[in-house]
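Engineer: model this:
(chains A, B and C)
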Amino acid sequence: MVEMDSWGVSETEWRKGPWTPEEDKLLAQYVTQNGEGRWSSVARCAGLNRNAKSCRLRWVNYLRPGLKRGHITPQEEGIIIELHALWGNKWSTIARYLPGRTDNEIKNYWRTHFKKRRKASEKQDRRKILLREEKNQVEAISNERVLFEEKEKHDADSIMELENEMLPTMYEDFVSCPDTVPIDSYLWGGLWNQQLNNCSKMAIQNQSNTANSCEPDAINMYSNSGGYIY
DNA sequence: AACCCAATCAACCGCATGGTA
DNA sequence: ATACCATGCGGTTGATTGGGT
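Structural biologist: Below you'll find the model as predicted:
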């Protein structure tokens, strides 16, 4: 089955892809002799195996006399920017104000340069976001650190208070009856050990004074451990 | 020298619109 | 009124090219 395109011709048999110099010559000759328009007949009569759309596009964008070649000038770029701001993607309208330039050319130019700028701006945006995130992270870490230090200080104060309150009592309990006090209760670190160290001297002194007032093993355990209770 | 990637350009495709039979 | 054809337009794609690694 041969499908018909919007130009009323069968699509499947037409040549596609880049135009050869021979095809260009045939098309240019035909259009020069017969004028623009009636592209269906151009396609049929010029001896080209191309559809009407393809012929028109090739003529309009490449073969038509008066087309400018080369880069878009800064002046032209200015006009494009201005007119695009005015009309948006109306490429053929914009092209009317740039003699020798085709809508396709302007469209490609805009897409290339606009895309480049958009990419650059996206890159800049991403960089800004990263910097902001980095800053937030630093702030968060800093805040966490401040909170942690405050908490540590608070905990240390609490422990100090607690120890100051409890140690004398605990030590008394320990000295008077070490078996009833769980050994874990004494795993409190340096302050407790320091306190206990001071007290132990008194205890040893007491022990020598009142020989059987407390169990000697606990004190020995402390003394043998180099000041720490395990 | 070989490969990769981005930029560029030419051409295609689908849709909209206008003319006319 | 409407169906069909011709044309134009904008978006997209694919090939080529040039620069960087």
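Engineer: domain parsing for chain A?
Structural biologist: If the domains of chain A are taken from automatic domain parsing, they occupy A:1-65, A:129-224, with pieces of a single domain joined by a plus sign.
Engineer: Which of the ones you listed has the lowest mean pLDDT?
Structural biologist: Looking at these, the lowest mean pLDDT belongs to domain A:129-224 (a mean of 48).
Engineer: and the gap between A:Trp87 and DNA strand C?
Structural biologist: Counting by CB to the nearest atom of the strand, to the nearest Å, the separation of A:Trp87 from DNA strand C is 8 Å. Using the backbone N, CA and C atoms, a C-beta is placed for each residue, glycine as well.
Engineer: my bad, should have said A:Asn108
Structural biologist: Applying CB to the nearest atom of the strand, the value for A:Asn108 to DNA strand C is 6 Å.
Engineer: Where does that residue fall, secondary structure wise?
Structural biologist: Secondary-structure element containing A:Asn108, defined by DSSP states H and E: helix A:103-176.
Engineer: Same question for A:Thr93.
Structural biologist: The secondary structure element spanning A:Thr93 is helix A:91-95 (assigned by DSSP H and E).
Engineer: Show me what counts as buried in that helix.
Structural biologist: Residues of helix A:91-95 classed as buried: A:Trp91, A:Ile94, A:Ala95 (neighbour count, 16 or more other CB atoms under 10 Å).
Engineer: Setting aside sequence neighbours, what's the nearest residue to the first one?
Structural biologist: Ranked by CB to CB, 6 or more residues apart in numbering and with sequence neighbours excluded, the top spatial neighbour of A:Trp91 is A:Asp103, at 3.8 Å.
Engineer: if I read this right, that neighbour contacts A:Tyr97, doesn't it?
Structural biologist: No: taking contact to mean CB atoms under 8 Å, the distance of 11.3 Å between A:Asp103 and A:Tyr97 leaves them out of contact.
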